[in-house]
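Engineer: Quick one, fold the following:
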Amino acid sequence: MSTLNTLKLGTAKKPINLPAIQVRRNKLSTKLWEQIQLAKSQVSGEPFQVTRFRSVRDQATGLKKQVEMPKRIRPWWFVSETGKVCVNIRYGSRTLEIAKGKTSVEVDNPNALVKALEIIKTAVEGGELDTQIEEASTHLRSRFTK
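Structural biologist: All right, here's what the predicted structure looks like:
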């Protein structure tokens, strides 16, 4: 029992479900991770591939089976007229407004792009873009109502 006494014990319980804003933060954080890995792969010249499982019906037997397929990841960045790399942060099909009237981050080169994406990911996980995420989520949900 003396070994267990060295640990700090508590009575915390795991929540049944996460708050909606935390789910949205996690979703955007995952997408930012994919963009960071894609940017790193372009800098290093190595391919980056995320795979996912899809249900496909077998033509011969008619049964459904799970097939691992590559996921297409579109880069959120582009090169502007001035030669700078600009990145937009997207939630679903909406571009988030990072600051009032500002929708993109401008960086000098691809190495700075990776650092900028990591800073944005930290800001999202810290809750700094919660109002923008909530607004985009509300707009996206409104298109699904009948």
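
Engineer: From here on, just use CA atoms for contacts and neighbour counts.
Structural biologist: OK.

Engineer: Please give me every residue in contact with L96.
Structural biologist: Residues near L96 by C-alpha atoms under 8 Å, 6 or more residues apart in numbering: 88-90, 103, 132-133, 136.

Engineer: who wins for neighbours among those?
Structural biologist: I133 (24 neighbours; other C-alpha atoms under 10 Å).

Engineer: How confident was the prediction at that one?
Structural biologist: For I133, the model assigns a pLDDT of 90.

Engineer: isn't it right up against S93?
Structural biologist: No. I133 is beyond contact range of S93, at 11.9 Å (criterion: C-alpha atoms under 8 Å).

Engineer: packing partners for the biggest helix by length in the chain?
Structural biologist: Of all segments of type helix in the chain, defined using DSSP state H, the longest is helix 20-44. Counting contacts by 3 or more C-alpha pairs under 8 Å, 6 or more residues apart in numbering; DSSP states H and E, helix 20-44 packs against helix 110-126, helix 130-142.

Engineer: Going by contacts, tell me the helices and strands next to the last one.
Structural biologist: If I follow you right, that is helix 130-142. helix 20-44, strand 90-91.

Engineer: Contacts for it, please.
Structural biologist: Contacts of helix 130-142 (C-alpha under 8 Å, 6+ apart): 21, 24-25, 91-92, 94, 96-98, 124.

Engineer: Buried residues, that helix. List them.
Structural biologist: 130, 132-134, 136-137 (16 or more other C-alpha atoms under 10 Å).

Engineer: Spatially central residue in the protein, please.
Structural biologist: K31 (1.7 Å; C-alpha atoms, centre = their mean).
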